[in-house]
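1. output the structure for:
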Amino acid sequence: MSRYDFQIPLTFKHRIVFSRDVFGDGLSDLAGLFADAEGEKRGLVLIEESVARAWPGLESGAREGLRSIGFEIAGLAVLPGGELVKADDALVREVWRLIDAAHLDRHSYVFAIGGGAFLDAAGFAAATAHRGMRLVRVPTTSLAQCDSGVGVKCAINAFGKKNWIGSFAVPYAVINDFAFLHSLDPITCRAGLIEAVKVALVKDREFFEWIEARLVGLAAVDVPLVESCIERSAMLHARHIAEGGDAFESGSSRPLDFGHWAAHKLESMTGGELSHAPAVAIGLALDVLYSAEVGLIVPPLAERILAVVSGLGLATFHPALNLRDAGGRRIVLDGLEEFREHLGGRLNMMMLAGIGRGVYVYEIDTEAMGRSIDRLCAMG
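-> Here you go, the predicted structure:
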């Protein structure tokens with residue numbers, strides 16, 4: 001018998017643009033993304049319903065803007081959004097149908113405009129149609145602009161678990177258009193900054209201190225501060241993906257998911273009642289307290305971090321934390337094994353050894369985690 005091993009080197013360009021009113025005054029930023037594009041430019045535009053309602057001129061603006069830079073618009077659809085679109089494959093199948101009906105090919109473009117869950121589902125459809133089309137993401141929430149919108153993953157939920165069906169697919173481009181933030185209510189806008197807090201905690205002490213020093217302004221949704229916070233967060237996330245050595249997570253480490261094992265489990269347990277940003281706030285707070293409980297950080301530092309989370313108007317408790325199975329075990333703890341399965345290999349969790357200093361741990365003291373949950377519940 002014979003055996004042959006080959007190395008397959010792959011290089012991707014990850015284009016990320018920060019703009020304002022990209023289909024209007026910022027059109028030159030959009031045009032620049034396709035200056036070197038070869039071949040026919042045909043595209044399908046997908047807009048999340050809530051975004052279309054908030055921006056009545058968006059459909060015509062997107063159509064006219066793209067046409068002005070040489071695109072043929074093969075279709076435009078306004079589709080449901082929100083976390084529930086990830087609960088099944090209905091949106092994915094509808095996007096596939098639209099792609100097929102428009103006779104788009106693998107070199108055609110799919111423009112997805114909406115929040116993180118919408119981009120996840122629409123992106124998965126684009127990543128699987130013709131084994132991968134050119135996706136242009138336009139995230140419209142602070143949460144998505146901070147993190148998932150600039151990532152290279154897409155997924156929907158299955159079997160009561162977050163992101164069980166999914167893929168890695170580098171988008172053709174990401175456009176963080178700050179104009180869309182103006183349609184967000186202040187609570188939603190500042191809540192999305194929790195992903196900036198997360199990445200600062202594990203990657204960048206200076207950035208965390210910047211957030212901490214400007215917390216009042218960020219909580220008040222001071223526009224220049226929020227935009228600066230989003231851009232710094234997005235660049236930290238993107239830099240880790242591009243330069244961290246494991247863009248497609250072939251290994252078992254996932255530092256950017258600090259606090260997410262509990263967040264994902266709580267989202268599933270509550271049937272989506274707890275959306276991603278509030279769930280991440282709770283998961284982050286829990287892992288911060290656990291880091292203190294096992295001696296990785298001192299308790300005053302944990303309190304300082306939780307003050308920043310609370311300062312963004314985010315709660316660090318939900319009654320689902322107290323739900324137990326028939327044996328009396330907290331159900332949220334099942335999220336540890338579900339997280340391990342999702343990562344693959346041995347359990348590999350990011351905890352804190354200091355601000356800007358993430359550290360991997362390979363087992364969890366469930367008694368210490370239980371005490372950390374008790375403390376969150378007591379803080380209520």
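2. okay, now the residue nearest to residue 85 when sequence neighbours are not counted: neighbour count?
-> Spatially, and ignoring its direct neighbours in sequence, residue 85 is nearest to residue 91 (4.5 Å; Cβ to Cβ, 6 or more residues apart in numbering). Backbone N, C-alpha and C define where each C-beta goes, glycine included. Residue 91: 25 surrounding residues under other Cβ atoms under 10 Å.
3. please apply the same query to residue 314.
-> By other Cβ under 10 Å, 23 other residues sit near residue 314.
4. with residue 377 instead?
-> Around residue 377 there are 14 other residues, counting by other Cβ under 10 Å.
5. and for residue 274?
-> Neighbour count for residue 274, taken as other Cβ under 10 Å: 22.
6. pull the contacting residues for the residue nearest to residue 85.
-> Going by Cβ atoms under 8 Å, 6 or more residues apart in numbering, residue 91 touches 79, 80, 85, 118, 121, 122, 125.
7. residue 84 versus that one, what's the distance?
-> 9 Å (Cβ to Cβ, to the nearest Å).
8. so where's the chain uncertain?
-> Under the criterion pLDDT under 70, the flagged ranges of the chain are 249-254.
9. ranges for the strands of it?
-> In the chain, the segments counted as strands under DSSP state E are 15-19, 42-48, 72-79, 109-114, 134-139, 153-158, 161-168, 173-177, 349-354, 357-361.
10. separation between the residue nearest to residue 85 and residue 322?
-> Applying Cβ to Cβ, the value for residue 91 to residue 322 is 33 Å.
11. how about residue 22?
-> Counting by Cβ to Cβ - residue 22 and residue 322 are separated by 45 Å.
12. repeat for residue 200
-> Distance from residue 200 to residue 322, by Cβ to Cβ: 30 Å.
13. just list the residues touching residue 76, thanks.
-> Neighbours of residue 76 in contact, by Cβ under 8 Å, 6+ apart: 44, 45, 46, 47, 59, 62, 63.
14. who does it bridge with?
-> residue 45 (DSSP bridges).
15. so residue 172 sits against residue 134, correct?
-> Yes. Residue 172 is within contact range of residue 134, at 4.0 Å (criterion: Cβ atoms under 8 Å).
16. need the residues touching each of those two.
-> Both residue 172 and residue 134 are contacted by residue 109, under the criterion Cβ under 8 Å, 6+ apart.
17. related to what we said a few turns ago, so which of the strands of the chain is nearest residue 238?
-> Ranking those by proximity to residue 238 (Cβ to Cβ) places strand 15-19 first, at 5.9 Å.
18. buried residues, that closest one. List them.
-> For strand 15-19, the neighbour count (16 or more other Cβ atoms under 10 Å) marks 16, 17, 18, 19 as buried.
19. could you find the closest non-adjacent residue to residue 279?
-> Per Cβ to Cβ, 6+ apart, closest to residue 279 is residue 263, 4.0 Å.
20. give me the number of residues near that neighbour?
-> Applying other Cβ under 10 Å, I find that residue 263 has 28 neighbouring residues.
21. cool, and residue 106?
-> For residue 106, using other Cβ under 10 Å, the count is 10.
22. before we move on, what about the one 3 residues further on?
-> The number of residues packed near residue 109 is 22, by other Cβ under 10 Å.
23. ok, and the closest non-adjacent residue to it?
-> Leaving out its chain neighbours, the residue that sits closest to residue 109 by Cβ to Cβ, 6+ apart is residue 43, at 4.0 Å.
24. same check, this time on residue 171
-> Distances taken as Cβ to Cβ, 6+ apart put residue 135 closest to residue 171, at 4.4 Å, once the chain neighbours are dropped.
25. and the one you found, bridged to which residues?
-> The partner list for residue 135 in beta bridges (DSSP bridges) reads residue 110.
26. does it touch residue 169 like I think?
-> Yes. With contact defined as Cβ under 8 Å, residue 135 reaches residue 169; the gap is 6.9 Å.
27. who has more neighbours out of these two?
-> The neighbour comparison of residue 135 against residue 169 (other Cβ under 10 Å) goes to residue 135, with 25 against 19.
28. ok, now which ones touch the residue nearest the centre of the chain?
-> Closest residue to the average C-alpha location of the chain: residue 148 at 2.4 Å, with Cα atoms, centre = their mean. Going by Cβ under 8 Å, 6+ apart, residue 148 touches 116, 119, 120, 139, 195.
29. go on, residue 227?
-> With Cβ under 8 Å, 6+ apart, residue 227 has these contacts: 18, 178, 181.
30. how far away is it from residue 240?
-> Distance, residue 227 to residue 240, using Cβ to Cβ: 21 Å.
31. the more surrounded of residue 200 and residue 322?
-> Set residue 200 next to residue 322 and count neighbours by other Cβ under 10 Å: residue 200 wins out with 24 against 14.
32. okay, now the residue nearest to residue 109: neighbour count?
-> 24.
33. correct me if wrong: it contacts residue 107.
-> No. Under the criterion of Cβ under 8 Å, residue 43 is not in contact with residue 107, lying 10.8 Å apart.
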